[in-house]
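Student: Generate a structure from the sequence data that follows.
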Amino acid sequence: MNESAIQLAKVRRAINPVYLTAQSCIALLDRAGVEDARRLNAILGMRVPPMPGFMQVAPRQQEYLKRMAVALTSINETRYHATNNYFRSTGMRQFVDMPCGFVPRGLTLARQGTRYMGLDLPAVIDVMGPAVRRVANPGDDITYHAIDATNYASLSQALEGTSGELFVSTEGLFPYLTNTEAHQVIANVWRLLQGRGGCWVCTDFELDAWNRRITIESLERAEYGIDVEVLAKIASGSMETKMDSNFIEGSTREEITHVLEQAGLDVELVPLFDYLGDMKLLESLPEDRRDAVRDLYKDISFWVMTARERSTGETFTDESQDFRVSANYSGDQLFLHVSGRLDTLSAPKLIDLFQMASRRHRFERITVNMNNLEYISSAGLRALIIMYKSLGTRGAFKVINANKDVRHVIVMTGFAEALGI
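Tutor: Model (predicted):
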């Protein structure tokens, strides 16, 4: 890999810190004994990132956290197998994994004749695609595509040439989305299903139940000790990448269901317990405690959504994937002009240009003109924050001419003051 490619990879990971979450998933599945995860991770070499604040707690509490890892591994193993088992029960043949992360699902399902399409951030796809090709069997129908889930044009391009029903699976995406982004993703999935049929299966809307019921109660039932205050401290540190105004946090089942139904989706809650299969991690627990831990999953559901016609009707136009940025400077001031969509796919381009300019000049002031910017995602916001932080306390950062929607996102995510709005 040449130097420019290495730098681009670093920028993509900085823009999309959920990359670390994706890393931990493959490592946890490997730890759980999932054979395809072991084969794939032998190439990827990924490990579970250390918990934030781990070394700052007492040794006894560190032992609690090590034991908590058993529950976290169990959650990953359960989601993986249960989703695969539910997919098989539908009889569908096309699986869209959004986001796919570094899980080996494509390898597992392709052996059964499934057409598998993994969709994720460029930082993930750049690594995952080549690694899977090294271990996949000849003829396996596995493809990977870099997308931004808020950008329908990128989704449509990734699925170009597909026909027939789609099984769209979403796991680990919504905790990182703002309200605005979440509503856009929901609308985009509706459009995919409306045109092709099939269903959308999501475990994210049960996030509170997963975290509280499974993580804490499974430890208690397995006769592990856990300091809930320490758990809360670690959990808050591990979610630093979330924005304010998160879609899931604080929402009830009824409120989320209402949003989905308003978007034209019918919602069915399917008991996950019926699709658990064998859980290898349970073998590490005392035999008389295994059923008790399995029972914890009885109240956890898949959210299964299907598209229906909207009674009000709605006209859609495809969003442009084009992003343009130009830069000029005068003295110690950098002027950036951005247009189009500033999202997961385009944010690295902005940072790349900024870093190139910064290597030549030392800037004390940065002004970003957004008069032609149509949309900004949390990845775009992170790009702006990276530039803002580069000034330290010595300079001034300002955004000008943002439209109503872009301004609303900046205000709702708590960055208005930092960005000079």
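Student: so C199 sits in a strand?
Tutor: Yes - residue state for C199 (DSSP: H, G, I helix; E, B strand; the rest coil) corresponds to a strand.
Student: And for the nearest residue in space to G197 that is not next to it in sequence, the neighbour number?
Tutor: The shortest distance from G197 to any non-neighbouring residue, by Cβ to Cβ, 6 or more residues apart in numbering, is to E165 (4.5 Å). C-betas here are computed from N, CA, C, even on glycine. Neighbour count of E165, defined by other Cβ atoms under 10 Å: 15.
Student: same deal with T114?
Tutor: Other residues close to T114 by other Cβ under 10 Å number 22.
Student: before we move on, what about A37?
Tutor: 28.
Student: That one and G45, how far apart?
Tutor: Relative to G45, A37 is positioned 12 Å away (Cβ to Cβ, to the nearest Å).
Student: again, but for A307
Tutor: 40 Å.
Student: Which of those two has more residues huddled nearby?
Tutor: The neighbour count for A307 versus G45, taken as other Cβ under 10 Å, is higher for A307 (21 against 9).
Student: all strands for the stretch 51-200 of the chain, in order.
Tutor: 94-97, 115-120, 142-146, 166-170, 198-202 (DSSP state E, counting those that start in this stretch).
Student: Select, out of those, the one closest to V399.
Tutor: Closest of the strands of the stretch 51-200 of the chain to V399 is strand 142-146, at 26.8 Å (criterion: Cβ to Cβ).
Student: Now that closest one: buried residues?
Tutor: 142, 144-146 (16 or more other Cβ atoms under 10 Å).
Student: quick one: contacts of stretch 254-263?
Tutor: Contact with stretch 254-263 is made by 183, 186-187, 190, 205, 248, 267, 303, 305, as judged by Cβ atoms under 8 Å, 6 or more residues apart in numbering.
Student: Need the max-distance pair from the residues you listed.
Tutor: Maximum distance among the contacts of stretch 254-263 (Cβ to Cβ): 18.3 Å, for W190 and I248.
Student: out of the two, which sits in the busier spot?
Tutor: Higher neighbour count among W190 and I248: W190, with 22 against 19, using other Cβ under 10 Å.
Student: which ones are touching that one?
Tutor: 263-265, 307.
Student: any idea how far it lies from G264?
Tutor: Taking Cβ to Cβ as the measure, W190 and G264 are separated by 5 Å.
Student: so what sits against both of those two?
Tutor: A307.
Student: With distance to S339 and mean pLDDT added, can I get the strands of the stretch 51-200 of the chain in JSON lines?
Tutor: Shown next, in JSON lines, are those (distance: least, Cβ to Cβ, whole Å; pLDDT from 0 to 100):
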{"stretch": "strand 94-97", "distance to S339": "30", "mean pLDDT": "98"}
{"stretch": "strand 115-120", "distance to S339": "26", "mean pLDDT": "97"}
{"stretch": "strand 142-146", "distance to S339": "21", "mean pLDDT": "96"}
{"stretch": "strand 166-170", "distance to S339": "30", "mean pLDDT": "97"}
{"stretch": "strand 198-202", "distance to S339": "32", "mean pLDDT": "97"}
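Student: of all those strands, which lies closest to N371?
Tutor: strand 142-146 (28.1 Å).
Student: Could you pull up the mean pLDDT of stretch 190-197?
Tutor: Stretch 190-197 comes out with an average pLDDT of 91.
Student: buried set for that stretch?
Tutor: Those would be 190-194, 196, for stretch 190-197 by 16+ other Cβ under 10 Å.
Student: now stretch 405-421
Tutor: Applying 16+ other Cβ under 10 Å to stretch 405-421 flags 406-407, 409-410, 413, 415, 419-420 as buried.
Student: CA-only coordinates of it in CSV, if you can.
Tutor: Output of stretch 405-421 as CSV, limited to C-alpha atoms (Å, rounded to 0.1, in the frame of the first residue of the first chain):
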residue,chain,number,x,y,z
ASP,A,405,-31.5,21.8,6.9
VAL,A,406,-27.8,21.8,7.3
ARG,A,407,-28.0,24.5,10.0
HIS,A,408,-30.6,22.4,11.9
VAL,A,409,-28.3,19.3,11.9
ILE,A,410,-25.4,21.4,13.2
VAL,A,411,-27.5,23.0,16.0
MET,A,412,-29.2,19.7,17.0
THR,A,413,-25.9,17.8,17.3
GLY,A,414,-24.5,20.5,19.7
PHE,A,415,-21.7,21.8,17.4
ALA,A,416,-23.2,25.2,16.6
GLU,A,417,-20.9,27.2,18.9
ALA,A,418,-17.8,25.4,17.9
LEU,A,419,-18.5,25.9,14.2
GLY,A,420,-19.5,29.5,14.6
ILE,A,421,-23.2,29.2,13.8
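Student: Give me the contacts around it.
Tutor: Stretch 405-421 is contacted by residues 178-180, 243-245, 370, 373-376, 378, 381, 384-385, 388, 396-400, 402 when judged by Cβ under 8 Å, 6+ apart.
Student: what is the rounded mean pLDDT of it?
Tutor: 84.
Student: Next: stretch 309-316.
Tutor: On average, stretch 309-316 scores 52.
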